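Trainee: heads up, no residue letters with this:
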C-alpha cells in the first residue's frame, strides 16, 4: 500500500513539472514490462478497495475539495494532461488526509494508467503525439465542456442568482433588484425599473468603478444612449478614458491587470443594461488587444497603442463600414421607389440620406411603435434633409404595404443560424412584407455578427421597465395601479428574432449576402483574426 | 489586336464550333487578345483587358460572357506578378489563362457526369428552350442505357425549343415539343424539370431564357423537383431582388439595346428565378443547394 502510494505520488510529482515531464512519463510508459503491468493492475485493485474504505471521510471532504478544484481544473482543462489535472486535484486533499482521495481523482489516475498502457502497446509510432492526444481527450472527458447559459437568462434559478450576487459583491458592484411582476414566459429574464438606477447605490469617491463608467451606466439605464452603434461607440470612448487614467500597480503587468480591472466595470454596465452583441464583440476585441501587449512595452507606449487600436476599431468597423454599406445599398434604390423603414436605425438613416444626396428619387414610409416611439427621431432626421416621408403606427402596416416597393431594416445582431435580432416589431414587418411579396433588406455591419444561435424570441431577450406602458389619455391613467391586480402583468419586450426565410438580402460591409451565408462570414472573419 | 479584330475572332470561334459555350469562345478570344497585346505596363494591360471584355459584352449581351470574362481576369491576375520583366509577367498570365480555359472546357462534362444519375429509368423530363449543358446531361443519361422521354417548350420568340428537339431526336431520345403556355398542363405528367442557366446569381437564383420562372413556379406548385445545370464560370456577382432588378444590359439583345429608345416596348429575353423555387444546382464545383452558391461565390471572388 505504501509502495503504491509512493509510486502514485512519484508519477504525480514528475507530472507537476509540466510538458517535458509528461514526455518523460510517456517514455517511461513505453518501457513497461509485463511485471510492471501486473503491478499496475494490482494497484488498481488496491485503489478500488481504498475507495470503498474511505467512502466515509471523503464524503465530507468532497464539497470543500470540489469547489477549489473546479476552477483550478477548468482552466488548464484543454492544455494540461490528465496527469497534471489529477495533480492539482490531489494537491488539496493531499494537504488534508493521504488516503482520502476524491472519486474524480482516482478515475483520472486510472485513466492515465490506461492511456499509458495503451500508448506502450501501440509501439514507437509517434507515441508522444498519440498518448498526449489521448491524455488530452481524457482530460476533456473529465471536465466535459458544458456550455453554460449566460447568467442573465437564468434569473428564475436561485442558485445562479446567488452565484451572481456573490460575484458582484466580490467585485464591489451594486446588485440591482428586479421590479414588479414578471410574465411567466419571461420570468427567466431581468426586469428593472428606470426609477431605481444602480448608480444610486454607489458613492462615487469610495467606489472601485471609474466615474466615466458610472456615467455611462446611468446613460444606458435611463435610455439616454440607445441604439446598437451609439452604445458601442460610447462604451469604447469610456474605455479610452479608463485606459488614459490607468496606472499599472507595482509588481503587476499591464496586459493582465488591466483586463482584470475591466471586469467589474463590465459587470456594472450589464447591471445597468444587458450588454448588446456589438458591445460584447467590442469588449472581446479590447481584451484581446490588451492581452497582446508585449510585457516589455512601456506603460505610456502601451496606453497610446491601445488608444489607437480603439480609434481604428471605431473607424473601421462602424464609420467606414457604414460608408461601404451605403455604397451597396444605393445600388438597390431605384427612382420611384417607396421605401419602408421601422424605428430608428442609424445605419438605415445614413443610407437614405446618402441616397438622397446622390439624387435618387424616392419617398419613405416610417413605421413606429409604442412605447419607445423611436420612429419620430428617424422622421425628424429624414425630414430635415428634405426627404418626403409618411408616418404610420405598426397597426396600420397591412394598410400601407401595398404601396411599398422595398423594406429596409436595421439589425441589433445577426445570429449564426441566419436569424436577425432586432427591435421588437421587426419580425412582424418582415412577415407581412413577405406576404405581400415585398423584398426585405437588412443592413448590418459585420461587427454585429455573433456566434449565438437562437430560433425564438423567448430564450434570450431584454425586458424593459413595465411602467413605460402606462399612458395617460383624457386625464385617465388606467394602468396606474397595475401592481395591485394580482393577475395582471405588463410586458415590455425590447428585441425579437426574424427567421431568414423572411429576409431577402443582407447588406454588410463585405458585400451583399443571403441570410444563410452569415456563418461563412463568421468563418472568414475568424480566419482573418 | 484592336477591338474589331477581337469581335471578328470571337464570331469566328462561334462559327467554327457551334457547340461551344459563348463564354468559352469569349475567353478564347480574350486569351488571343492577351497574347497579341502591346501594352508596356501591367496596369495598361488590365485596362485593355477590361475594355476588351466590355466590347465583347456589347457583341453578345449574355450574362455568361460578362461573368466568364470577369472570372478570367481575376484568375489570371490572382498570382504573384512580381517579375521585373513585363514579358515574363505576360507569360505567367497567358499560362494561367490557358489553364483556366482548359478547366472550363472540361466543366460541361463534369456537370453532365454529376447530373445524369438523377435521371431515373422511365423518367419524364421537362426542359426549357435549348441548352447545351442539358443536352450533354441527357446524352450521358441515354448512353447509360436509361429510357426516358423529354418534353421541350418551343420557347418563343426564337423557337429554340425546336432546335433542341431536333438534337434530341438525333440521339434517339423520344421528345415532344409543347407550347410555352402548356407548361401548367404538362406539369402533372412530368417527374422532374431540368433547365440550363445563362447566369447564376449570388442569392442562388438563376437567370435563364424567358419562361423559366413560370416553369419554376408551376413545378413548385406541383412539388416537382426543379434542377438547374450550370458551369461555374456562369456565377455572377449580381443580387436581383425581383424581375425588374435585373440590369437591362442582360435582358435585351445587344443590338436592341443600341438601337431602340423605349425599352418598355421590347420583350425581355431572360428572366430571373428566385432561389426558393430551385431544388438543386448542378455545377462543376459539385451539387449545390441555392444557399451554398453564395459560399462558393465568396470563395471564387473574395
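Mentor: That came through, no problem. Quantities reported herein were computed from a predicted structural model and do not represent experimental measurements.
Trainee: What is the three-state secondary structure of residue A:363?
Mentor: strand (DSSP: H, G, I helix; E, B strand; the rest coil).
Trainee: For chain B, just list every one of the strands.
Mentor: Secondary structure of chain B by DSSP state E: the strands cover B:123-128, B:148-153, B:175-178, B:192-195, B:199-200, B:206-209, B:226-229, B:270-273, B:280-283, B:286-288.
Trainee: any chance of those in CSV, plus mean neighbour count and distance to residue A:296?
Mentor: For every residue, glycine as well, the C-beta is placed using N, CA and C. Listed next are those as CSV, based on neighbours: other Cβ atoms under 10 Å in any protein chain shown; distance: least, Cβ to Cβ, whole Å:
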stretch, mean neighbour count, distance to residue A:296
strand B:123-128, 23, 69
strand B:148-153, 22, 74
strand B:175-178, 16, 78
strand B:192-195, 24, 65
strand B:199-200, 29, 54
strand B:206-209, 26, 58
strand B:226-229, 25, 59
strand B:270-273, 22, 60
strand B:280-283, 24, 53
strand B:286-288, 16, 50
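Trainee: For residue A:239, which non-adjacent residue is closest in space?
Mentor: Distance criterion Cβ to Cβ, 6 or more residues apart in numbering or on different chains; nearest residue to residue A:239, sequence neighbours excluded, is residue A:286 at 6.1 Å.
Trainee: do the same with residue A:318
Mentor: Looking at residue A:318 with Cβ to Cβ, 6+ apart, the closest residue is residue A:229, at 5.8 Å.
Trainee: Now do the contacts for that neighbour.
Mentor: In this structure, residue A:229 makes contact with A:278, A:318, A:346, A:347, A:445, judged by Cβ atoms under 8 Å, 6 or more residues apart in numbering or on different chains.
Trainee: I figured the first one hits residue A:447, correct?
Mentor: Yes: the pair residue A:278 and residue A:447 qualifies as a contact (Cβ atoms under 8 Å) at a distance of 6.1 Å.
Trainee: where do the contact lists of those two overlap?
Mentor: Joint contacts of residue A:278 and residue A:447 (Cβ under 8 Å, 6+ apart) are residue A:232.
Trainee: about what we covered before: look up how far residue B:113 lies from the residue nearest to residue A:239.
Mentor: For residue A:286, the distance to residue B:113 (Cβ to Cβ, to the nearest Å) stands at 52 Å.
Trainee: Same drill for those two, tell me which one is more crowded.
Mentor: Each of residue A:286 and residue B:113 has its neighbours counted (other Cβ atoms under 10 Å in any protein chain shown); residue A:286 has more, 22 against 14.
Trainee: tell me the SS of the more buried one?
Mentor: Put simply, residue A:286 is helix when judged by three-state DSSP.
Trainee: Identify the residues contacting it.
Mentor: Per Cβ under 8 Å, 6+ apart, neighbours of residue A:286: A:236, A:239, A:262, A:306, A:309, A:310.
Trainee: And the pLDDT for the residue nearest to residue A:318?
Mentor: pLDDT recorded at residue A:229 is 93.
Trainee: Show me what secondary structure element comes after the helix or strand where it lies.
Mentor: Using DSSP states H and E, residue A:229 maps to helix A:228-245. Note on helix A:228-245: by DSSP H and E, the next helix or strand toward the C-terminus is helix A:254-272.
Trainee: just checking, what packs against that following helix?
Mentor: Counting contacts by 3 or more Cβ pairs under 8 Å, 6 or more residues apart in numbering or on different chains; DSSP states H and E, helix A:254-272 packs against helix A:158-171, helix A:211-221, helix A:228-245, helix A:277-291, helix A:299-313.
Trainee: orientation of the first one relative to helix A:254-272 in degrees?
Mentor: An angle of 130 degrees separates the directions of helix A:158-171 and helix A:254-272 when computed by axes from the mean of the first three to the mean of the last three Cα atoms, to 10 degrees.
Trainee: next one: helix A:158-171 to chain centre, how far?
Mentor: With Cα atoms, centre = their mean, to the nearest Å as the basis, helix A:158-171 stands 18 Å off its chain's centre.
Trainee: The longest one too?
Mentor: Here helix A:228-245 is found 18 Å from its chain centre; the criterion is Cα atoms, centre = their mean.
Trainee: same deal with stretch A:192-200?
Mentor: For stretch A:192-200, the distance to the chain centre is 23 Å (Cα atoms, centre = their mean).
Trainee: now swap in stretch B:279-288 and tell me
Mentor: Distance, centroid of stretch B:279-288 to centroid of chain: 14 Å (Cα atoms, centre = their mean).
Trainee: Any idea how far apart the tips of it sit?
Mentor: Length of stretch B:279-288, first residue to last, Cα to Cα, to the nearest Å: 9 Å.
Trainee: what's in contact with it?
Mentor: B:106-108, B:110-111, B:114-115, B:118, B:137, B:200, B:204, B:206, B:225-232, B:235, B:289-290, B:293, B:296.
Trainee: Swap in 6 Å and give it another go.
Mentor: Contacts to stretch B:279-288, defined as Cβ atoms under 6 Å, 6 or more residues apart in numbering or on different chains, come from residues B:107, B:110-111, B:114-115, B:225-232, B:296.
Trainee: Any of the residues you listed buried? List them.
Mentor: Among the contacts of stretch B:279-288, those classed as buried by 16 or more other Cβ atoms under 10 Å in any protein chain shown are B:107, B:110-111, B:114-115, B:226-232, B:296.
Trainee: How about the contacts made by the residue of the stretch 101-250 of chain B found nearest chain A?
Mentor: Taking Cβ to the nearest Cβ, chain A has its nearest neighbour within the stretch 101-250 of chain B at residue B:241, 4.0 Å off. Listed by Cβ under 6 Å, 6+ apart, the contact set of residue B:241 reads A:439, A:504.
Trainee: Next: the one 5 residues further on.
Mentor: With contacts defined as Cβ under 6 Å, 6+ apart, the neighbours of residue B:246 are B:240, B:272.
Trainee: Dihedrals phi and psi, it?
Mentor: Residue B:246 has phi and psi values of phi -80, psi 130 when expressed as degrees, to the nearest 10.
Trainee: With residue A:275 instead?
Mentor: Residue torsions, per degrees, to the nearest 10, at residue A:275 are phi -70, psi 140.
Trainee: Could you measure from the nearest residue to it once chain neighbours are set aside over to chain B?
Mentor: Spatially, and ignoring its direct neighbours in sequence, residue A:275 is nearest to residue A:269 (6.7 Å; Cβ to Cβ, 6+ apart). Distance, residue A:269 to chain B, by Cβ to the nearest Cβ, to the nearest Å: 35 Å.
Trainee: Correct me if wrong: residue A:269 contacts residue A:217.
Mentor: Yes: when contacts are counted by Cβ atoms under 6 Å, residue A:269 is listed as touching residue A:217 (5.4 Å).
Trainee: Give me the number of neighbouring residues for residue 166.
Mentor: Picking chain A for this. Burial of residue A:166 is recorded as 11 neighbouring residues (other Cβ under 10 Å).
Trainee: my bad, the chain I had in mind was chain B
Mentor: Neighbourhood size, residue B:166 [other Cβ under 10 Å]: 12.
Trainee: Select, from the contacts of residue A:286, the two members most distant in space.
Mentor: Across the contacts of residue A:286, the longest distance by Cβ to Cβ is 14.2 Å; it joins A:262 and A:309.
Trainee: Could you pick out the residues of chain B near chain A for me?
Mentor: Proximity of chain B to chain A, by Cβ under 6 Å from any Cβ of the partner chain, involves residues B:203, B:239, B:241, B:291, B:294, B:295, B:298.
Trainee: what do you get if the cut-off is 8 Å, keeping everything else the same?
Mentor: Counting by Cβ under 8 Å from any Cβ of the partner chain, chain B comes close to chain A at B:202-204, B:239, B:241-242, B:245, B:275, B:291, B:294-295, B:298, B:302.
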